[in-house]
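Visitor: Output the structure for:
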Amino acid sequence: MRTLRTSRRRLVAVSAVAVATLFATSACGGGDSDSDSAGGKFNAGINKVANASDKKGGTLKFIGVQDADSWDTTRMYYGFAFDFARFYSRQLVSYTPEPGAKAIDLKPDLAKDNAKITNDGKTYKYELKDGLKWEDGKPITSEDVKYGIERQWAQKTLSGGPTYLKDVLDPDGKWKGPYEEKGDFEGIKTPDDKTIEFHLAERNGDFEQMLAMPTNSPVREDKDAKSKYALKPFSSGPYKFQSYTPNKGLTLVRNKNWDKKTDPLRKALPDQVKVTLLTNADERDKRLINGDADLDLNQRGMDSQGRATALKQHKGNVDNPQSGFISYVAFPQSVKPFNNIHCRKAAIYGTDHKSVQTARGGPMAGGDISTNMLPPVVPGYDKNDDQYGMRDNGGKANVAKAKEELKKCGKPNGFSTTLAVRNTDKSDMKSSEAIQASLKKVGIKVEIDAFDGAQGSSIVGNQQKVKDKNYGMVLYGWGPDFPSGQGYGIELWHSSKIRDNANNNYALIDDKKIDEGLDEAIAELDPEKAATKYAEVNKNVMAGAYYLPLTNLKVVQWRSDRLTNVYSAQSFSGWYDFASLGVK
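Guide: Residues are numbered from 1 along each chain as shown. Model (predicted):
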């Protein structure tokens, strides 16, 4: 994987809320006792389906404040784009259309069955279903699937998306890709139109999770417009592009050559899917509340003003899902005194976690206090892994422990450092101020340096700039590319991911025990055993005090009265499963 791409999967800003404490006592996990005058239920789409229906027809209306990074499946990396792409693209395997944790189970999509795995876990073989067709009626072949995946190698032309399969199948980068090198790539074989085989360099228990990403959808070579493909992708799914104007909107209409008999994973209920794009979050929220749109395309959650109105007057239209993102602070070990574990621990103990949670919007809009570096939606998460007692005493700072650690690191009177934070994220800015205030009480003086979040890869991702600017603390957020410890943690924890520029391992973790633990977990083919191994890696990450986790982020999400089949799915970091939605 290349970090520049992963940065696109990073947390998109979820702003803090001034009125959060007013709702701090509201149910946040799965309660449904609150209803509004329309008869809706608060959290009706959490761990269950709100307004179940098989009724077809109508127009599903999305509204958003940000366009996709790309609608070309090869180049996309935004989480909402992954979700939306399932309207017009299919994969060999995909996620189960059910709420909550059940969603992460993989089911056959284009393939008849899940993979036949041989060669000690290094060969995956699939046979395609009968009756698969493109939007023009031509059959979808194994070669189309192969070509769609091979486009990942064309990074000079198609940069932007994840390259997991490229890195797993061709770790040494020997093949130049379909635009530069004639002849087939030997890591993927298509002995006939219905059969496709993948030959991995090493075992990887998440290989099918990688295949389920929409970035591995088929692309037909004669329809490949290369850099212009994003303007009108060719459909293998239930809908096709009718129109698209970047940063304005798009419309999907039914693909008449899609056959429901071949696709039990997508309901395809609306006749049309429309997206309207704005630049103002308050205007977005007003249109949602007024009934002009059904849901937020970007799934960031409502902003403070709209959120307050929704919770007071329309609580039955609101869900409060657990996202897959964690807000955290990393301690770059290249910046003294954070090369000393005890100085890192002093900052962890000295942070008032409750004040940070409140700054982010409280339990409802900011999320629960996080005690470790795996999000709740990732298998291996252990809510009891709280090595620093972050939830003790109501989340208050442990001043005595912080001062004890300062003595151990040779800084009994404290020290000064700089905290880097994105100026594009209101919640991060408020969090940084809360951290600054609490650490001041234990003798750690924190200067806040706000930077342009869009330039993160070249600022906090640049090791030399981090040292030059004395960034001893970097406040950021992260979510899984796919729901596993590898999909979440490899970029943050593994020493092989340390880069001079576009680095995501901000803490510069180079820990043999962590590397070996990750390698073992990745090679494990049993998901439950792998989850146990990732949990152990996570414990070692926390034991090293490389990160200060802040909150497991939640959002306040709107669903209109018209929406049917609404549910939050862990396959998409706790966001709604778009492909199941319908309208009354």
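Visitor: Quickly note the distance from residue 67 to residue 280.
Guide: 14 Å (C-beta to C-beta, to the nearest Å). Any C-beta I mention is one placed from the backbone N, CA and C, and that applies to glycine too.
Visitor: Kindly report the same for residue 526.
Guide: Taking C-beta to C-beta as the measure, residue 526 falls 48 Å from residue 280.
Visitor: Ok, residue 170 next?
Guide: 44 Å.
Visitor: So for the two, which residue has more residues nearby?
Guide: Each of residue 170 and residue 280 has its neighbours counted (other C-beta atoms under 10 Å); residue 170 has more, 20 against 10.
Visitor: so what's that one closest to, chain neighbours aside?
Guide: residue 187 (5.7 Å; C-beta to C-beta, 6 or more residues apart in numbering).
Visitor: number of nearby residues for the one you found?
Guide: Residue 187 has 21 neighbouring residues, counting by other C-beta under 10 Å.
Visitor: what sits against it?
Guide: Counting by C-beta atoms under 8 Å, 6 or more residues apart in numbering, residue 187 touches 169-170, 175, 198-201.
Visitor: Sitting in strands, which of the residues you listed do you find?
Guide: Judged by DSSP state E, the contacts of residue 187 include 198-199 as members of strands.
Visitor: What ranges in this protein fall below the confidence cut-off?
Guide: In the prediction, the chain carries residues with pLDDT under 70 at positions 1-39.
Visitor: Please, where are all the strands along the stretch 451-584 of the chain?
Guide: Using DSSP state E, counting those that start in this stretch, the strands of the stretch 451-584 of the chain run over 471-478, 547-554, 557-558, 563-564, 568-569, 575-576, 582-583.
Visitor: Highest mean neighbour count out of these?
Guide: Highest mean neighbour count among the strands of the stretch 451-584 of the chain (mean count of other C-beta atoms under 10 Å): strand 568-569, with a mean of 28.
Visitor: Which other helices and strands does that strand contact?
Guide: strand 575-576 (3 or more C-beta pairs under 8 Å, 6 or more residues apart in numbering; DSSP states H and E).
Visitor: Distance from the chain centre to the strand it packs on, please.
Guide: From the chain centre to the centre of strand 575-576 is a distance of 11 Å (C-alpha atoms, centre = their mean, to the nearest Å).
Visitor: now swap in stretch 111-131 and tell me
Guide: 27 Å.
Visitor: same deal with stretch 386-400?
Guide: That offset, for stretch 386-400, works out to 28 Å (C-alpha atoms, centre = their mean).
Visitor: How about it, which residues are buried there?
Guide: Residues of stretch 386-400 classed as buried by neighbour count (16 or more other C-beta atoms under 10 Å): 386, 388, 390-391, 395, 397-398.
Visitor: coming back round to it: with the contacts of residue 187 in mind, which one is nearest to residue 98?
Guide: Proximity of these to residue 98 (C-beta to C-beta) peaks at residue 198, which lies at 26.9 Å.
Visitor: Of the contacts of residue 187, grab the buried ones for ChimeraX.
Guide: Typed into ChimeraX, the line below selects the buried ones among those, using 16+ other C-beta under 10 Å:
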select :169,170,175,198,200
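Visitor: Distance to residue 513 for the contacts of residue 187 - can I get that in JSON lines?
Guide: Below are the contacts of residue 187 laid out as JSON lines (distance: C-beta to C-beta, whole Å):
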{"residue": "169", "distance to residue 513": "28"}
{"residue": "170", "distance to residue 513": "29"}
{"residue": "175", "distance to residue 513": "34"}
{"residue": "198", "distance to residue 513": "31"}
{"residue": "199", "distance to residue 513": "31"}
{"residue": "200", "distance to residue 513": "25"}
{"residue": "201", "distance to residue 513": "24"}
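Visitor: Check which helices and strands the helix or strand hosting residue 421 is in contact with.
Guide: Assigned by DSSP states H and E, residue 421 belongs to strand 415-422. Judged by 3+ C-beta pairs under 8 Å, 6+ apart, the packing partners of strand 415-422 are helix 426-440, strand 444-451, strand 471-478.
Visitor: what residues does that strand touch?
Guide: Residues from elsewhere that reach strand 415-422, judged by C-beta under 8 Å, 6+ apart: 13, 329, 335, 337-338, 343, 428-429, 431-432, 435-436, 443-453, 456, 459-460, 466, 469-476.
Visitor: Walk me through which strands it pairs with, and which way each runs.
Guide: If you go by DSSP bridges, strand 415-422 pairs up with strand 444-451 (parallel), strand 471-478 (parallel).
Visitor: List the buried residues for the first one?
Guide: For strand 444-451, the neighbour count (16+ other C-beta under 10 Å) marks 444, 446, 448-449, 451 as buried.
Visitor: how about JSON lines for the residues you listed, with distance to residue 240 added?
Guide: Below are the buried residues of strand 444-451 laid out as JSON lines (distance: C-beta to C-beta, whole Å):
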{"residue": "444", "distance to residue 240": "56"}
{"residue": "446", "distance to residue 240": "52"}
{"residue": "448", "distance to residue 240": "48"}
{"residue": "449", "distance to residue 240": "47"}
{"residue": "451", "distance to residue 240": "41"}
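Visitor: And the residues you listed, which is closest to residue 512?
Guide: Of the buried residues of strand 444-451, the one sitting nearest to residue 512 (C-beta to C-beta) turns out to be residue 444, at 29.5 Å.
Visitor: tell me the contacts of the closest residue to the closest one other than its chain neighbours?
Guide: Leaving aside its chain neighbours, residue 444 sits nearest to residue 414 (5.1 Å; criterion: C-beta to C-beta, 6+ apart). Contact partners of residue 414, counting by C-beta under 8 Å, 6+ apart, are 406, 442-445.
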